[in-house]
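Chemist: coords please:
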Amino acid sequence: MKKILLFVLVIQSISVYAQNDSLKNLTFNAYAELYYSYDFAKPANHKKPDFIYNHKKHNEINANLILLKTNYSDTNIRANLGLMVGNYSRYNLSAEPPLVRHLFEANMGIKLSKEQNLWLDAGILPSHIGFESAISADCWNLTRSILAENSPYYETGIKLGYSTKNGNLNMAFLVLNGWQRMKKLNLIQKPSFGIQVNYKPSEKLSLNYSNFTGTDIQNNFNALRTFHNLYMQFAMSKKLGMIAGFDIGTDKYNSIDYGTWYSPVLIMRYSVSNQIKLAIRGEYYNDKNRIIIPTNNLNGLRVSGISSNFDYQISKKLQFRIEGKAYIAAEREFSNNSNKNYSLTTNLTIKF
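Modeler: Numbers count the residues shown, from 1 in each chain. Next up, the predicted model:
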């Protein structure tokens, strides 16, 4: 991983000192997301529930993600480097070595064919799983679903990707260090694998299937994690859109037995105008065997959620959002010893 990061930095540096034409291939972007969130359970430690990693702090003005990114793209080579701070990096990457917790991505790619859009990329990559990313402004809802918060946002490995010339079919095969891992865990020798197929039969419809096969448990348990992510994005009209997703996974929850976790999600978004958008999300998460989300309840985490948000695009670079969210769990999961949790979150995002 260190060699890949060094290579990316070298590529970026060479492009700066190369001929003037090469500078056209180098871009810089900045993103900042400041927020205030109020959790009506009033947690004493000012932290949202343990299964939440973004917009984590209660009753504080805070930064969820501040990101600086540079990209170099030429005919046969490309490279990306992103550096970050904020709640996302602090809580979502807490299991990573301290040196890399501020890396959003660091990868390079080589085009393998002159005639076909076939690329080999390596390094720290955005996840091939899901329709919600760490960048809130790119998502239909201000906050992430439980499904997104507890599946990979990033991955480290090698990716072989292919796209048709018209862009309606994209496929990828990945060899990975593990389930959202930059550094492979000790006592795990087996590689992990991923596949993605994204098909767009029309401008209105996008269909996606992604999977993960590997392990996040040390070798002596002889466990195999399998995970499937499916979603559909459909423009029902010029103003109304829908995303429907379903995730399901299996893994061992002890040294002998396998269990299953799953989550359906439905999002509807309505564009009132070019500046104003409304969205609502319904979700359910079931991890009764506590495979992904540890909990003190013997029956695991079973929670339904609904979120609704109002987005106002102040300018091309500036956006204001506000979202109300409610969780209802089967057990008493939350800090006020209740099975219900309510929160209100506002944020301001800036893109350059």
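Chemist: alpha carbons only for contacts and neighbour counts from here, please
Modeler: Fine.
Chemist: And the helices in the stretch 151-300 of the chain?
Modeler: Remark: no helices are assigned in the stretch 151-300 of the chain by DSSP state H, counting those that start in this stretch.
Chemist: low-scoring pLDDT stretches of it, where are they?
Modeler: The stretch 151-300 of the chain contains no residues with pLDDT under 70.
Chemist: Can you show me the strands along the stretch 201-350 of the chain?
Modeler: 205-214, 225-235, 240-252, 258-271, 276-287, 301-313, 318-329, 340-351 (DSSP state E, counting those that start in this stretch).
Chemist: Output these in TSV; the columns should cover mean neighbour count and distance to residue 180.
Modeler: As requested, the strands of the stretch 201-350 of the chain are arranged in TSV below (neighbours: other CA atoms under 10 Å; distance: least, CA to CA, whole Å):
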stretch	mean neighbour count	distance to residue 180
strand 205-214	20	11
strand 225-235	19	13
strand 240-252	19	15
strand 258-271	19	17
strand 276-287	20	18
strand 301-313	20	21
strand 318-329	19	25
strand 340-351	20	25
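Chemist: which stretch among those strands comes nearest residue 109?
Modeler: Nearest to residue 109 among these is strand 205-214; the distance by CA to CA comes to 20.9 Å.
Chemist: Counting by contacts, list what that closest one packs against.
Modeler: strand 192-199, strand 225-235 (3 or more CA pairs under 8 Å, 6 or more residues apart in numbering; DSSP states H and E).
Chemist: neighbouring strands for that strand, and are they parallel or not?
Modeler: If you go by DSSP bridges, strand 205-214 pairs up with strand 192-199 (antiparallel), strand 225-235 (antiparallel).
Chemist: you'd agree residue 91 is in a helix?
Modeler: Yes - assessed by DSSP: H, G, I helix; E, B strand; the rest coil, residue 91 belongs to a helix.
Chemist: distance of the nearest residue to residue 286 once chain neighbours are set aside from residue 282?
Modeler: Spatial nearest neighbour of residue 286, excluding adjacent residues (CA to CA, 6 or more residues apart in numbering): residue 302 at 4.5 Å. Per CA to CA, to the nearest Å, residue 302 is found 14 Å from residue 282.
Chemist: Residue 187 touches residue 222, doesn't it?
Modeler: No - Residue 187 is not in contact with residue 222 according to CA atoms under 8 Å; the separation is 11.3 Å.
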